[in-house]
Structures are given as structure tokens and as C-alpha cells.
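In: From the sequence below, what's the structure:
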Amino acid sequence: MARPLSASQIALYAADPDEWRRVYLARGKFRVNPGHSLGAEVHRVLARYLKGEADITPDGQSFRWRGHQWASHSIAARGVPFLPEPGAAAVERRFDFEVDGVRLVGIKDAELPGTIIDHKVWMDDSATPRAHDLPDDIQAAIYAAETFARTGAATLILRWVYYRADASRAESVRVIVTRGRIERTMKRVVALARHMEEERRRWDSPQMSLGLPGSL
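Out: Numbering: from 1, shown residues only. Down below sits the predicted model:
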């Protein structure tokens, strides 16, 4: 049986197949950068807030990473106007479902009936959010496909909240997607997943392990 795949793994393969092979086939280490670590900390703060476990205040606890002090609470606080009230959403909801023989797994940041919410921390203006890009985004499409499959809904709202790393502001993009629109992106997701599985089989083959011709 094919191994389960996450949206981040498929997105990495789509963006940089060689990096995916290095990390997932050759068992290399992820290249961690400040954005990854800061994003994880801001997500943790937001999850506690949305669960009703903690308030977010701009002058709250900061986050130290490699000699730099990141104001994780200040960053998260900028997005509060775009978020549901604490306790209203399902937070960090795990999912595991199958599309055309491909098993997909992941964790959604937050979900309301008919609405999927995701948090993104961006370091500069090169990642300025655009709503019309979301239906083609691998992560967004997988999240939407799971909700469509589970609920039978005809349309969904995708709300992606972008938090500037310097804590200066947050922006929200919102788009309504149909099942048919997401199915178009999911065809690409399934094709990528099948290529990944084929590469994994070739990598695990005896020829590859022995370093014989025909290996990757």
C-alpha cells in the first residue's frame, strides 16, 4: 500500500523534486530557517487562543531563535480581527482520507462549518497573498477536498490569514470554491503523488540499493 502523504510533502515535490528526494528518499535533514521556526511558534500561540486557553496580547511572550527575539504574540495579535471567537472553531483538526487511491493526511489550523482557516507567517512582501491563487494551491486544495468528502458541501470558503513577521500587520484573503474547481487541482495532486510513489518504489528497489544501473 502507498504511504500517506501530507500537503507539505507534495508541495515540496512540486516545487523542488531534488530537495524532496534528498529529504524523503535519502533521509536528509530539513533545511530549517527562521521562517519555519517562527511560523511554528505563531501557530502554537494562535491554536491556544482559538481553543480559549490563552489570550493574545501584543506585549505577550516573545520567542528567541538563533540570537534574535521574535515577537510571536505581537505577530499573532494582528490577525485577531480575521479570526473566529475562541472556542467557536475546530482547532488543529487531523484528517486522513483517500482520493483515487492516494492517501492524504494532515492537520488543519482551524475549521468552522463551511469555512477552512489557515495561518501563514511571511517574512517580506514577496509573499503578498492573492485570493485567486488559493484554488490552485496544493495545501488549500487538499484541505478543501477533505471537507467536501466529509461533509458533502457544494461550496466552501477558504480564509487564509497572513501575518507579517515584523508584527506590523496581518491580511486576510477569502475565496469561495466549488467542489468542481477543487477537483481540477486535485487531479494534479493525485498525479504528483503517483509520481512520488513511483520514485519511492524505484529508490527502494534492489537495483537502487545495490547501486546497479537503472536506479535513480
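
In: For the rest of this, base every contact and every neighbour count on C-alpha atoms.
Out: OK.

In: so where is this protein shaky, pLDDT-wise?
Out: Filtered on pLDDT under 70, the chain yields the residue ranges 1-2, 28-35, 58-70, 124-129, 206-216.

In: Quick one: the strands in it, in order.
Out: According to DSSP state E, the chain carries its strands in the segments 5-6, 63-65, 68-70, 90-99, 102-112, 115-122, 155-164, 170-178.

In: ok, and for stretch 184-197, which residues are buried?
Out: T185, M186, V189, V190, L192, A193, M196, E197 (16 or more other C-alpha atoms under 10 Å).

In: could I get those as a markdown table with distance to A131?
Out: Formatted as a markdown table, those follow (distance: C-alpha to C-alpha, whole Å):
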| residue | distance to A131 |
| --- | --- |
| T185 | 15 |
| M186 | 18 |
| V189 | 20 |
| V190 | 23 |
| L192 | 24 |
| A193 | 25 |
| M196 | 28 |
| E197 | 31 |
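
In: Let me know the closest of these to D136.
Out: Proximity of the buried residues of stretch 184-197 to D136 (C-alpha to C-alpha) peaks at T185, which lies at 5.7 Å.

In: Just give the nearest non-adjacent residue to that closest one, would you?
Out: D136 (5.7 Å; C-alpha to C-alpha, 6 or more residues apart in numbering).

In: Count the residues that sit near that neighbour.
Out: D136: 15 surrounding residues under other C-alpha atoms under 10 Å.

In: What's the separation between it and E85?
Out: 29 Å (C-alpha to C-alpha, to the nearest Å).
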